[in-house]
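S.K.: Provided below for reference: sequence and predicted model.
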Amino acid sequence: MKPINEAHVAQPGLAVVEVAACDDQTAFAVQELLAGRWATATTDRTTRVPGEPGVRLRCYLDVRQELTPQH
């Protein structure tokens, strides 16, 4: 993965979350849980690092913007 860009963590409440999981389905399930709660810039693909187990996924959160449940 590329290095974390300073702009993604420039203010309190901004976060970069890196997920390591055994498979794509698990990684995307974690991303979906995060996106259901906070404003999240999601991705539609995972990466594999040669020689390392599983997959990796990175998403960007703004925890200052908690989402309200839709009824």
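M.R.: That came in fine, so what should we check first?
S.K.: mind listing the strands for this protein?
M.R.: In the chain, the strands defined using DSSP state E lie at 14-21, 38-41, 55-66.
S.K.: for I4, find the nearest of these.
M.R.: Closest of those to I4 is strand 14-21, at 5.1 Å (criterion: Cβ to Cβ). For the C-beta atoms, the positions are set from N, CA and C on the backbone; glycine is no exception.
S.K.: centroid residue for the chain?
M.R.: Closest to where the C-alpha atoms of the chain average out (Cα atoms, centre = their mean) is C59, at 2.5 Å.
S.K.: show the contacting residues for it.
M.R.: Going by Cβ atoms under 8 Å, 6 or more residues apart in numbering, C59 touches V16, V17, V19, Q31, L34, A35, T40, A41, T42, T43.
S.K.: which of those are buried?
M.R.: For the contacts of C59, a burial check counting by 16 or more other Cβ atoms under 10 Å picks out V19, Q31, L34, A35, T40.
S.K.: quick check: R37 touching D62?
M.R.: No - using Cβ atoms under 8 Å as the test, R37 is too far from D62 to be in contact (11.1 Å).
S.K.: quick one: common contacting residues for these two?
M.R.: With Cβ under 8 Å, 6+ apart as the test, R37 and D62 reach no residue in common.
S.K.: output the below-cut-off pLDDT ranges for the protein.
M.R.: Applying pLDDT under 70 to the chain flags residues 1, 7-9, 66, 68-71.
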